[in-house]
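>>> predicted model follows, preceded by the sequence.
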Amino acid sequence: MVIVESPAKAKTIEKYLGKGFDVRASIGHIMDLPKNEIGVELKKRTFAPELIVSPGKEKVVEQLKKLGAKADEIYLAPDPDREGEAIAYHLALQLGTNSKERKKIRRVTFNEITKKAVQEAFDHPRDIDQNLVDAQQTRRVLDRLVGYQISPLLWDKVRRGLSAGRVQTVALRLIVEREREITAFRPVEYWTLDAILHPERRADATFKARFVGIDGEPARVPNGKDKDGKEQFIASALPDKKTTDQVLADLKDADWSIASVQSREQQRRPLAPFITSQLQRDAANKLGFNVRRTMGVAQRLYEGVEIGAEGTTGLITYMRTDSPRVAPEAVTGARAWVEKELGAQYLPASPNVYKGKKDAQDAHEAIRPTDAARTPESIARYLTDEQLKLYTLIWKRFVASQMVPAVYDVTTANIAAVSTKTRKKYDFRVSGSVLRFDGFLKVYEVSEDKKDEDDATANRLPSLDGVKTLELNELLPEEHATQPPPRYNEASLVKELEERGIGRPSTYASIINTIQDREYVVKHGGSRGRFYPTEIGVVVCELLVENFPYIFDTAYTAKLETELDDIEEGTEKWTDLMNGFYDHFEKELKVAGKKMRNIKRMEEMTNEKCELCGSPLVLKWGKFGTFYACSAYNKKDPASCTFTKENIASKPDLNTPEAQEAGDTEEYCENCGKVMVMRRGLFGPFMACPDYNADPPCRTFRKLSSKQQQKPPEPTGEDCPVCGKPLVLRQGAYGEFVSCSGYPKCKYVKQNLIEGMKCPKCGEGDIAERKARRGNVFWGCTNYPKCDFTSNLKPVPKKCPECGSPYLVEKTLKSGVYLECPNKKKGAEEEAAPKKRGKKGAPAAEPEEKKVVCTYSKRIGNAPPPPTAETHGPVPEKSREEKHELQPA
């Protein structure tokens, strides 16, 4: 018997192993820490985890045990990383219950799912690597201690349901600190000056040169200090318009000449094959894929795709890796393709070799195609659009990595402009290049990624051989202002985490997903959208960094990652790491329990005044963040002022150009990359993979919060009468409503008013349709809370012909639709109401003034037909999977 994690992987491997092998899937992890308790031994400081069979996996484990008892040998073949090793270890615990069963169990790993790699792995089985297991177990225990011991503090001080994560909090900290930098940023004015020039008597050979200095001294503008206190400057710039105008005046009659020309050869070397973080960044920048989508599509390419006569075939190597290393046979395959298809001039004399920053997980390879001869064009008809895009990106990067560099002829010209008035020499410079040999660029165009571009290769210069004198076409001064650092998107956040050594390839996607699922950040601007911290995210980050400065320090988090690598390599014991961590953690936990600010009880006086009674407003904390409340409010006094209003300043500014950018709002399966669909189960809506019932199935699903269940705003085609921005249809707590897209700056809400009718009680407000908490519709005065008029029946602006009531109501019965007098209902209620009996000995109550009772009723139409499948659509039936297997934990 062979056990892997997923059915897709099982299907591919079974084809390569043939008869005599029974390949089964564990569907991910089968054991974990208990959900309702910490599950880690702390009294004796052994930190031993109390593992249990994961809820919902009992049947899977039982079936594997039965099959394992009958099998001659058991091969554990989860993925070749720490997490895969931990899954194999848990399977061994469940299947190897005695010495006889344990002898049958072996571990096999392969970096690619091809016939050769799989069969070779089974020829060289090994024991489970306890160092790898310990490294993964340490990460799990660390995360459990942080999550289960800090989260209750947040529940007590902020609100229930919040969580603290060891690495997710550090990622959140980066986003919050970047937002503070942007808020504190003050732009600096500066000017640049370009000259459009051409050689004497060659007016068609123009080029642009940049002003760089005066009399050999570089021109630069002060731009504050960096984090280390070092002065920063903007190069090749002038400070203001006045200075720029002086330079322009001096250059009006200047003599222009070439001071020097330097030509050199420049090579651009090919990039190494992808590691995980680089693939995630390139897929985001070039394909617009988010991290979850990239890893989902890559997972499917790794596990196998149906390729015509070849059957199910693994197309790429394992996609979670820190190593750019490549197997010798793969290098040979790439070189053979280059020589055959492109020619010997594109092939280096010896293979290109790439080394990683460290040897973490270096048993892995870089992400590459399993066969370089399998070009994207040759298998395009078998792949989905997203699979083809990602495979093409991986294939091109890998093949290009075994090609020769591109060669440029780079020319730099220094130009002197001597003023005839002041005799000052103004220095200008221009660099340009010409591609002499394309090399690896024949396959992989680096210029697609702006961050990989070299400025020297961006311009083309005319020949300047023998040129001494230049003529000026025009001067182009331009005003600029420094820009704040950009907010993180998924690609830049992954890069930052990688550069700081925080997290590992297998954790980046889950980090980004978690901080969004917890609503600590929101992403706006489409697939390349930027992260904005929410108010709750900022508060949580502040509290955790204030009270746990050591545990949530970025440098310490990176140090822990290095120590986890040491555990994997066997140079450090996992219990030593845990003891060192817990010494710091326990001290900070005790202090935080006493000193952490209680946000729930926060009340800050403000200068704002209550719109109803004029009392000062206080800033309080509620379920959805801070809000303003009237200081005159008193719980014990029902008549006290209840005015509240939203704290708009605390909300992220989503009116920036990057936030307004339209883009992809769909969610993608983290296992296969397909667009997730919303399904409905016993506990409400949730997102599920469309391949849940496919062969092989993809059992990915995700719970939705109440906010996530809401539809995105839909344009109505109307403009706001207050500010002119488009109106949108939104989903609120009590149903749909139309409001301004400029919210929170513009708070206009379109109301369904009854035309021609004023409130019969106050005579000032209009009558608008409302929806109650339970979903029932009623009508009320727009002057609420000053006027409390309401009606459960729709008012009609017609006078009652019998009693003179200023309005009638519309009532729908089975027998038809009627116009009735509202006084008819009042009279009926009074007759049905029980009479109150006075106390013994008390004087008799004076009779109340009798209210008007009216009997007016007029039928005006037929009752509407009951809802049918044709008018309201079919009633959705819950499938067996939705009822039983797809329920969120």
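Yep, it's here.
>>> low-confidence ranges in the stretch 551-700 of the chain?
The stretch 551-700 of the chain contains residues with pLDDT under 70 at 651-667, 670-673, 680-685, 695-696.
>>> how about the strands in it?
603-609, 616-622, 625-630, 644-646, 677-681, 684-688 (DSSP state E, counting those that start in this stretch).
>>> in a markdown table, list these along with distance to Val133 and mean neighbour count.
Where you see a C-beta, it was placed from the backbone N, CA and C, and this is true even at glycine. Listed next are the strands of the stretch 551-700 of the chain as a markdown table, based on distance: least, C-beta to C-beta, whole Å; neighbours: other C-beta atoms under 10 Å:
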| stretch | distance to Val133 | mean neighbour count |
| --- | --- | --- |
| strand 603-609 | 50 | 11 |
| strand 616-622 | 44 | 18 |
| strand 625-630 | 42 | 19 |
| strand 644-646 | 51 | 15 |
| strand 677-681 | 35 | 15 |
| strand 684-688 | 32 | 17 |
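>>> any chance of the ones you listed in CSV, plus distance to Tyr582?
Formatted as CSV, those follow (distance: least, C-beta to C-beta, whole Å):
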stretch, distance to Tyr582
strand 603-609, 36
strand 616-622, 32
strand 625-630, 34
strand 644-646, 42
strand 677-681, 40
strand 684-688, 37
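>>> and Lys389, which of the ones you listed is closest to it?
Closest approach to Lys389 among the strands of the stretch 551-700 of the chain is made by strand 677-681 (21.4 Å; C-beta to C-beta).
>>> quick one, which of the strands of the stretch 551-700 of the chain is nearest to Glu50?
Glu50 lies closest to strand 684-688 among the strands of the stretch 551-700 of the chain, at 29.3 Å (C-beta to C-beta).
>>> picking that back up, so which of the strands of the stretch 551-700 of the chain comes closest to Thr562?
Of the strands of the stretch 551-700 of the chain, nearest to Thr562 by C-beta to C-beta is strand 684-688, at 35.9 Å.
>>> give the contact list for the nearest residue to Asp240 once chain neighbours are set aside.
Distances taken as C-beta to C-beta, 6 or more residues apart in numbering place Glu189 nearest to Asp240, at 6.2 Å, with adjacent residues excluded. Neighbour list for Glu189: Pro239, Asp240, Glu479, His480, Ala481 [criterion: C-beta atoms under 8 Å, 6 or more residues apart in numbering].
>>> and Pro795, what helix or strand is that in?
strand 794-796 (DSSP states H and E).
>>> the stretch 701-850 of the chain: helices as residue ranges?
In the stretch 701-850 of the chain, the helices defined using DSSP state H, counting those that start in this stretch lie at 822-832.
>>> which residues of it fall in strands?
Going by DSSP E, counting those that start in this stretch, the stretch 701-850 of the chain shows strands at 701-703, 714-719, 726-732, 735-740, 749-750, 753-758, 766-771, 777-781, 790-791, 794-796, 808-813, 816-820.
>>> worst mean pLDDT among the ones you listed?
Lowest mean pLDDT of those: strand 701-703, a mean of 71.
>>> so Leu441 sits in a helix?
Yes: counting by DSSP: H, G, I helix; E, B strand; the rest coil, Leu441 falls inside a helix.
>>> so it versus Leu388, what's the distance?
22 Å (C-beta to C-beta, to the nearest Å).
>>> in the lengthiest helix in the chain, what's buried?
In the chain, with assignment by DSSP state H, the single longest helix is helix 130-157. For helix 130-157, the buried set under the neighbour-count rule, 16 or more other C-beta atoms under 10 Å, comprises 131-151, 153-154, 157.
>>> how near is Thr571 to Leu577?
11 Å.
>>> so what pairs up with the residue nearest to Asp240 in the strands?
Ala481 (DSSP bridges).
>>> before we move on, the earlier item: relative to Leu17, which of the strands of the stretch 551-700 of the chain is closest?
Using C-beta to C-beta, the nearest of the strands of the stretch 551-700 of the chain to Leu17 is strand 684-688, at 31.0 Å.
>>> mind giving me the packing neighbours of the helix or strand hosting Gln278?
Following DSSP H and E, one finds Gln278 within helix 276-282. Helices and strands touching helix 276-282, by 3 or more C-beta pairs under 8 Å, 6 or more residues apart in numbering; DSSP states H and E, are helix 291-303, helix 385-400, helix 490-500, helix 508-517.
>>> how far off centre is the third one?
Read it as helix 490-500. The gap between the average C-alpha position of helix 490-500 and the chain average comes to 13 Å, counting by C-alpha atoms, centre = their mean, to the nearest Å.
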